[in-house]
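Undergrad: 3D, please:
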Amino acid sequence: MFDRLVEDNKVPLSVTFVGILCACSHSGLVDKGLEYFRSMSGDYDIIPTLIHHNCMIDLMGRAGQLDRALAFMAETPHFPTMEMWLAVLGACRKWGNVELGRQAFKHALLVDETEGAAYICMSNIYADAGMLDDARKVEALRIQKQAWKEKQTDLWLNLNEYTHAIPDLN
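TA: As a prediction, this is how the structure comes out:
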């Protein structure tokens, strides 16, 4: 689709690349996604935004390339956001990486200790690993901190074992 757009001499926009990177993420096309990401600035003079960086971290994490996702996150010009840490937590759950999940959870709480999604992700990581006592402790901490997932978003979607927040843009 993108190739046809270029063949028709259409200039892709920033939002075009968001869609492309998300498609690569859901298809496991890490190298192709990285190629598109680099072409944004190299070929189209589009400076990647925070959303593009989030897509890349999600892309690498979904593909099981957690170290690469963290390295990419460290190189991003943006301070690590909750969305970045949630992408890492989602990948940790998918790939069963409890230790990295713990680290990502700690970083997520430094960003916002009232973000319920971080607690839910970590609790699910523990539960999936059979660590039910730890899962209950995280859930108790979430309640203590009054970290409700509805607080900062209007809508949550569950797609392919991942929870996606649709932010309030008003």
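Undergrad: List the contacts of stretch 46-63.
TA: Residues outside stretch 46-63 that contact it (Cβ atoms under 8 Å, 6 or more residues apart in numbering) are 12-14, 17-18, 21-22, 24-26, 28-30, 33-34, 37, 40-41, 66, 68-69, 72-73, 76, 78, 81, 83-84, 87-88, 90-92, 94. For glycine as for every other residue, the C-beta is placed from the backbone atoms N, C-alpha and C.
Undergrad: Selection in PyMOL covering whichever of the residues you listed are buried, please.
TA: Applying 16 or more other Cβ atoms under 10 Å to those, the buried members can be selected in PyMOL as follows:
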select buried, resi 12+17+18+21+22+24+25+29+30+33+34+37+40+66+68+69+72+73+76+81+83+84+87+88+90+91+92+94
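Undergrad: so the residue nearest the centre of the chain is in which element?
TA: Most central in the chain under Cα atoms, centre = their mean is Ala87, positioned 2.5 Å from the mean C-alpha point. Per DSSP states H and E, Ala87 falls inside helix 82-95.
Undergrad: so for that helix, what's the average pLDDT?
TA: Averaging pLDDT along helix 82-95 yields 97.
Undergrad: Could you write out the alpha-carbon coordinates of that helix in CSV?
TA: Extracted in CSV, the C-alpha atoms of helix 82-95 (Å, rounded to 0.1, in the frame of the first residue of the first chain):
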residue,chain,number,x,y,z
MET,A,82,4.0,5.9,30.5
GLU,A,83,3.1,4.6,27.0
MET,A,84,6.6,3.4,26.4
TRP,A,85,6.7,1.6,29.7
LEU,A,86,3.3,0.1,29.1
ALA,A,87,4.5,-1.2,25.7
VAL,A,88,7.5,-2.8,27.5
LEU,A,89,5.2,-4.3,30.2
GLY,A,90,2.9,-5.7,27.5
ALA,A,91,5.9,-7.3,25.8
CYS,A,92,7.1,-8.7,29.1
ARG,A,93,3.8,-10.3,29.6
LYS,A,94,3.7,-11.8,26.1
TRP,A,95,7.2,-13.2,26.4
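Undergrad: Name the residues that touch it?
TA: Under Cβ under 8 Å, 6+ apart, the answer for helix 82-95 is 53-54, 57-58, 60-62, 64, 66, 69-70, 73, 76, 97-98, 100-101, 104-105, 107-108, 111-112, 115, 117-118, 121-122, 124-125, 128, 161-163, 165.
Undergrad: Next secondary structure after it?
TA: Next element after helix 82-95 (DSSP H and E): helix 98-111.
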